[in-house]
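**Q** coordinates only, sequence not included:
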């Protein structure tokens, strides 16, 4: 089943501080949608609200199917004392899903690792390999929607490209929907079809990724964000 996401007038508060205010957007089935903005814009808080990790003070979130998340730090998101096999088997056991042997083997192949990595520990893996394990762990329950919180920001440039290409292949092959958060406009325009620019918990503008890549933006804040995104602004922009 392919599924999307509907967020309507989402408000998130931490005490007296409003992190997200009346935010609305939709992710179509099979679409990759990006949230960008400077630190503190509320973009990661949106992901946490969707998966129940941030307090929703108002609004409505409707996801059409199972939702899983890939976190920013591949070093901190994996248990250092668990093998890859155990990390992948655990969610299957929690949800009482049978055929763990086949599922683990298949998902490791899907993320480009293979069975040779099955009984390794995180300290025996590179950063890119750890993030592939994190992606495998998110996908082993066969979600329809994947939340991606800066999934390549802790990796070097060459490994970033490999992981982004992997994510694009997986989305196409599995009919997944993505909601991706990043401060890097080049990364977002590579993977996403539409992008929402956020500032102080609110929408600034939403536009097609190719328009953003060409600098065809309406708002001054978006232009400033483009200038601040290293390597994104072309000569003459």
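**A** Yes, it's here. Treat the numbers as computed from the prediction; the structure is a model and nothing was measured.

**Q** Grab the most central residue of this structure for me.
**A** What sits nearest the mean C-alpha location of the chain, by CA atoms, centre = their mean, is residue 148, with 0.8 Å.

**Q** quick one, strands of the chain?
**A** Along the chain, counting by DSSP state E, strands occupy 5-14, 17-27, 32-36, 56-63, 67-70, 145-149, 177-182, 194-199, 202-208.

**Q** residues in contact with the fifth one?
**A** Think strand 67-70. The contact list for strand 67-70, computed with CB atoms under 8 Å, 6 or more residues apart in numbering, reads 47, 50-51, 131, 134-135, 138-139, 141, 143-149, 151. The C-beta positions use only the backbone N, C-alpha and C, and glycine is treated the same way.

**Q** cool, the first one as well?
**A** The list of residues contacting strand 5-14 from outside it, by CB under 8 Å, 6+ apart, reads 18-27, 42, 45-46, 49-50, 54-64, 145, 177, 179, 201.

**Q** likewise the fourth one?
**A** Residues from elsewhere that reach strand 56-63, judged by CB under 8 Å, 6+ apart: 3-13, 18, 22-24, 49-50, 144-145.

**Q** try 6 Å
**A** Applying CB atoms under 6 Å, 6 or more residues apart in numbering, the contact partners of strand 56-63 are 5-11, 13, 49-50, 145.

**Q** tell me the two of the residues you listed that are most distant?
**A** Using CB to CB, the two most remote members of those are 13 and 145, lying 24.4 Å apart.

**Q** tell me which residues in stretch 191-210 are buried?
**A** Across stretch 191-210, burial judged by 16 or more other CB atoms under 10 Å covers 191-199, 201, 203-204, 206-207, 209.

**Q** What's the per-residue pLDDT of residue 38 here?
**A** Per-residue pLDDT puts residue 38 at 91.

**Q** OK, contacts around residue 209?
**A** By CB under 6 Å, 6+ apart, residue 209 lies in contact with 189, 192-193, 195.

**Q** run the last query once more with 10 Å
**A** 32-34, 185, 188-195 (CB atoms under 10 Å, 6 or more residues apart in numbering).

**Q** do the same with residue 126
**A** 74, 132, 155-156, 159.

**Q** Could you check which of residue 13 and residue 145 has the larger neighbour count?
**A** More neighbours surround residue 145 than the other of residue 13 and residue 145, with 23 against 16 (other CB atoms under 10 Å).
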